[in-house]
Structures are given as C-alpha cells and as structure tokens.
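A.B. asks: attaching a predicted model along with its sequence, questions to come.
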Amino acid sequence: MQTLNELLSDYKSVILGTISQNGYPFSSYAPCYYDGETIYIFISDIATHAKNIQKNPQISSLFIEDESQSDNIFARRRISLQCNALKVDRQSTKYADIIQTFQSKFEGGTFTMLMGMKDFNLYALTPIYGEATFGFGEAYHIGGEKMNQLVTRTGDTGHK
C-alpha cells in the first residue's frame with residue numbers, strides 16, 4: 001500500500017485553502033515539507049493565509065500534478081487533505097529540526113534571510129481526512145493510524 005510520504009516527497013509547495021474573516025475561502029500557497037505524518041509550512045504572519053489560520057485553524061491543503069506532466073487536464077494526480085493547523089513554538093526542538101530540514105530542501109539565501117525575520121513562523125498541518133485521485137476511476141481516501149495511507153474508495157461519499 002502506498003503512503004503519502006511516497007507521493008508527497010517531491011513537492012516543494014502546497015496550495016492552501018483557508019477561511020477569511022468574512023467567511024469566504026481564500027486560496028494561496030506556501031513552501032512545505034512533509035515528514036510522513038505532518039505537513040509543515042513556513043509563512044509570514046503578515047500574510048492573509050496566516051491571519052486566517054490564526055482565527056480558524058481548519059484548513060485545506062492541495063497537492064496537484066503540474067499541468068505539463070499530464071496528458072489529460074482532467075486526470076491530473078492530486079491529493080487533497082483537510083487539516084488542523086498549529087503554530088510550532090520557536091523554542092521547541094521540533095522547530096529547530098524542521099527548520100534545518102527546510103534549509104536543506106530550499107537551499108539558497110532567500111530561506112536563510114526569511115528565517116531571521118520575526119514575522120515568519122512554522123505551522124504544523126495535521127491531516128484529519130482527505131482523498132487522492134490519480135486519473136479516472138482511481139480514487140482513494142486517506143486513512144490509517146497516522147492518516148498517511150491510501151485506502152481504496154468503496155462507493156461511499158466522503159470522510160467520517
């Protein structure tokens with residue numbers, strides 16, 4: 001059985017869906033790292049998506065195959081996860097470990113510069129439920145003990 005780690009390891013960014021103060025959805029994206037259980041994003045608290053997360057930590061994350069990689073625009077591989085978001089304490093060991101991973105993944109001066117800015121913070125997105133689609137007729141729920149495994153859909157209509 002495939003795990004999300006196998007599917008998400010090449011992604012460097014995630015599309016985020018947050019809820020704005022007026023109740024409307026807001027879409028954006030953020031650099032990300034997935035450790036096999038949790039998606040981490042590093043974003044500025046000045047940004048709209050961060051303000052939305054702070055007010056409503058229930059968000060959607062979407063990983064989708066690049067259009068140039070698919071022969072059929074309707075059959076792009078995609079994984080949609082509904083998550084709970086939590087800011088990671090800068091003083092924690094987890095913060096230091098994940099930031100070090102971000103530095104390795106995003107080599108270059110930009111990330112190093114952003115690390116020094118106090119408005120940039122690390123958020124942990126914990127998947128609660130989701131689904132994966134790999135073309136026509138190949139759809140899965142996300143499940144398992146750590147919400148990181150593909151579970152074949154059996155005709156039901158969504159999460160529990």
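C.D. replies: Ah, there it is. Bear in mind that the values here come from a model prediction, so they are computed numbers and not experimental data. Numbering: from 1, shown residues only.
A.B. asks: for stretch 64-81, measure first residue to last.
C.D. replies: Taking Cα to Cα, to the nearest Å, stretch 64-81 runs 11 Å from one end to the other.
A.B. asks: then stretch 61-72?
C.D. replies: Start-to-end, stretch 61-72 (Cα to Cα) is 22 Å.
A.B. asks: same question for it, mean pLDDT?
C.D. replies: Averaging pLDDT along stretch 61-72 yields 84.
A.B. asks: give me the contacts around it.
C.D. replies: Outside stretch 61-72, the residues that touch it by Cβ atoms under 8 Å, 6 or more residues apart in numbering are 7-8, 11, 14-17, 32, 39, 73, 76-81, 83, 125, 127, 135. To be clear about C-beta, it is placed using only N, CA and C from the backbone, and glycine gets the same treatment.
A.B. asks: the spatially closest residue to residue 36 that is not a sequence neighbour - how many residues pack around it?
C.D. replies: Among residues not flanking residue 36 along the chain, residue 5 sits closest, at 4.4 Å (Cβ to Cβ, 6 or more residues apart in numbering). For residue 5, the neighbour count with other Cβ atoms under 10 Å is 13.
A.B. asks: element containing residue 5?
C.D. replies: helix 4-8 (DSSP states H and E).
A.B. asks: packing partners of that helix?
C.D. replies: Identification of packing neighbours for helix 4-8 by 3 or more Cβ pairs under 8 Å, 6 or more residues apart in numbering; DSSP states H and E yields strand 25-34, strand 78-87.
A.B. asks: quick one: these as CSV, columns for mean pLDDT and mean neighbour count too.
C.D. replies: Below are the helices and strands packed on helix 4-8 laid out as CSV (pLDDT from 0 to 100; neighbours: other Cβ atoms under 10 Å):
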stretch, mean pLDDT, mean neighbour count
strand 25-34, 94, 17
strand 78-87, 95, 19
